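> return atomic coordinates for the entry below.
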Amino acid sequence: MSEAFGHNRKPKLLLVAPVPPPLGGARVSAKLFVDYVESKGDVHVVHYDLPVRALEQDKDSRTKILRTALKTLQILCELPFARNTVIFCSRNFGVSIGPPLICIAKLFRRPVYLRFFGGRPMQSKYLKIPFVGCVLLWLLRGAEKIIVETRQGASEFPPHLRSNIEVIPGYRPPTPPDVGDKRRPKACVSFVYVGAVNEAKGVLDLLNAFANMRDQATDIPPVELHIYGTGDQTVTEKLASAPKVVWHGAVPNDDLRRQLPAHDVFVFPSRYDTEGHPGVVVEAMMAPLAIIASCSSDSISDLITDGEEGILIPAADVSSLRDAMICLARNPAKRDELAAKALIKSRQFDSRHVLPLLSAAFGLSVTARETDSSKELDAVPGYDAP
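This is a model prediction of the structure:
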């Protein structure tokens, strides 16, 4: 992975994308794409890690802004020599940095592609600024293609941009083949959450629902709740003192995917109304686990159909969350049924299928071997291509 000027006879792909560390869903997805493109060997990848990471030596936000500006200047210098420029971005980062890069690229007749993380790019705070939002939207017309995760997100773009929009779902690699089903025969039912530990992600709702379940449901087997991730200190302090709750902190993604099959039910109680296709939900489906998820955005239903691959509940509804957890704690057959269907559905979000689609959308070649891999997934019963 390169961040320097270089001479190479292969066509140059200028890639602006955040990669771990720090750990995060968008960074994991970007790293998968970086590794995939570099493994192909068809192009010379020049990668810039943006937005810049906050470093310990940053005394204030001005230092981070300066480092971002310097790196953006380097990108502008590289851009005229790249065959394609691809930007992996959040809604705020893409809407702010995308237009100036598109303008420079247009001067040199170079294509720029935007891949937005999350479900609703048009909810960017910058688009809500009078006049500025209109200018940014007008400049985005110059993008060769804008790729979003969800149909809901695509539908919110203004009409003059919709011809440039393509929907390609989120993705994750399959569960490692050496993992198998680690759920041990035991009386205890294990619930698990993975993600940022804060109120907006519904972690306090989950803690309250779990406590209520233990207090109010006397006819369920013993239960435990496992939390993976870091976040707000006020929330993590509550995790540390909650009975039957195990807080694991941050765990590398490869290790996490190996640990998920040891649990029974994955809970995703997010309150965010801009969720796209959360990678942790896809990983849980691949594990496979039964899923309980809040329908905080319409995009969650792309992953989970209520009663099929999991149970959907209203966001911020502790009572509904408690009832869903009680239902699955009582019914192991239902857990197995939901998990089996989740595994089938998860193949729509398998990186072996989605990354070739994404690569082709960016104007990169797709090899025959990759096409064959996609055909193998298409032949799986219950698989529907995105």
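> may I have the beta-bridge partners of residue 146?
Using DSSP bridges, the bridge partners assigned to residue 146 are residue 114, residue 165.
> next: residue 84.
Following DSSP bridges, residue 84 is listed with bridge partners residue 13.
> burial count for it?
Other residues lying near residue 84 total 19 when counted by other CB atoms under 10 Å. (Each C-beta comes from the backbone N, C-alpha and C, glycine too.)
> could you measure from it over to residue 295?
According to CB to CB, to the nearest Å, residue 84 stands 36 Å off from residue 295.
> quick one, strands of the stretch 251-386 of the chain?
Applying DSSP state E, counting those that start in this stretch to the stretch 251-386 of the chain gives strands spanning 265-268, 290-294, 310-313.
> of the ones you listed, which is nearest residue 209?
Closest approach to residue 209 among the strands of the stretch 251-386 of the chain is made by strand 265-268 (8.4 Å; CB to CB).
> quick one: strands adjacent to that closest one?
Partners of strand 265-268 in its sheet, by DSSP bridges: strand 189-194 (parallel), strand 290-294 (parallel).
> ok, residue 326 to residue 307 distance?
Residue 326 is 16 Å from residue 307, by CB to CB.
> counting neighbours, go ahead and name the busier of the two.
Set residue 326 next to residue 307 and count neighbours by other CB under 10 Å: residue 326 wins out with 19 against 12.
> could you check how far the nearest residue to that one once chain neighbours are set aside is from residue 87?
Closest residue to residue 326 apart from its sequence neighbours, by CB to CB, 6 or more residues apart in numbering: residue 217 at 4.8 Å. Residue 217 sits at a distance of 48 Å from residue 87 (criterion: CB to CB).
> neighbour-wise, which of these two wins?
residue 87 (24 against 16).
> quick one: secondary structure of the more buried one?
For residue 87, the secondary structure call by DSSP: H, G, I helix; E, B strand; the rest coil comes out as strand.
> helices of the protein, start to end?
25-40, 61-78, 91-107, 132-140, 151-155, 203-216, 233-241, 253-259, 279-286, 300-303, 318-330, 332-346, 351-361, 368-378 (DSSP state H).
> need those helices in JSON lines (columns: distance to residue 19 and mean pLDDT).
Shown next, in JSON lines, are these (distance: least, CB to CB, whole Å; pLDDT from 0 to 100):
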{"stretch": "helix 25-40", "distance to residue 19": "4", "mean pLDDT": "89"}
{"stretch": "helix 61-78", "distance to residue 19": "14", "mean pLDDT": "83"}
{"stretch": "helix 91-107", "distance to residue 19": "14", "mean pLDDT": "92"}
{"stretch": "helix 132-140", "distance to residue 19": "24", "mean pLDDT": "94"}
{"stretch": "helix 151-155", "distance to residue 19": "23", "mean pLDDT": "93"}
{"stretch": "helix 203-216", "distance to residue 19": "25", "mean pLDDT": "96"}
{"stretch": "helix 233-241", "distance to residue 19": "25", "mean pLDDT": "90"}
{"stretch": "helix 253-259", "distance to residue 19": "12", "mean pLDDT": "89"}
{"stretch": "helix 279-286", "distance to residue 19": "14", "mean pLDDT": "95"}
{"stretch": "helix 300-303", "distance to residue 19": "24", "mean pLDDT": "92"}
{"stretch": "helix 318-330", "distance to residue 19": "33", "mean pLDDT": "97"}
{"stretch": "helix 332-346", "distance to residue 19": "23", "mean pLDDT": "96"}
{"stretch": "helix 351-361", "distance to residue 19": "15", "mean pLDDT": "95"}
{"stretch": "helix 368-378", "distance to residue 19": "22", "mean pLDDT": "47"}
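> and those: which comes nearest residue 18?
Here helix 25-40 is closest among the helices of the chain (CB to CB), at 5.0 Å.
> from the chain's centroid, how far away is the closest one?
How far helix 25-40 lies from its chain's middle: 12 Å, per CA atoms, centre = their mean, to the nearest Å.
> going forward, count from 9.
In the new count, where the first residue is 9, that last one comes out as helix 33-48.
> pull out the buried positions in that helix.
By neighbour count with 16 or more other CB atoms under 10 Å, helix 33-48 contains the buried residues 33-42, 44-46, 48.
> what is the burial count for the nearest residue to residue 348 once chain neighbours are set aside?
Closest residue to residue 348 apart from its sequence neighbours, by CB to CB, 6+ apart: residue 296 at 6.8 Å. Using other CB under 10 Å, residue 296 has 24 other residues around it.
> and residue 296, its phi and psi?
With angles defined as degrees, to the nearest 10, residue 296 sits at phi -100, psi 150.
> tell me the contacts of it?
By CB atoms under 8 Å, 6 or more residues apart in numbering, the contact list for residue 296 reads 269, 347, 348, 350, 351, 354.
> with these in mind, which one is nearest to residue 278?
residue 350 (17.5 Å).
> pretty sure that closest one is touching residue 292, no?
Yes: the criterion here is CB atoms under 8 Å, and residue 350 meets it with residue 292 at 7.5 Å.
> joint contacts of these two?
By CB under 8 Å, 6+ apart, the residues touching both residue 350 and residue 292 are residue 299.
> what about those two, which has more around it?
Neighbour totals were compared for residue 350 and residue 292, and residue 292 leads with 32 against 25 (other CB under 10 Å).
> report how many residues lie close to the residue lying closest to that one once chain neighbours are set aside.
Spatial nearest neighbour of residue 292, excluding adjacent residues (CB to CB, 6+ apart): residue 274 at 3.6 Å. Using other CB under 10 Å, residue 274 is surrounded by 25 other residues.
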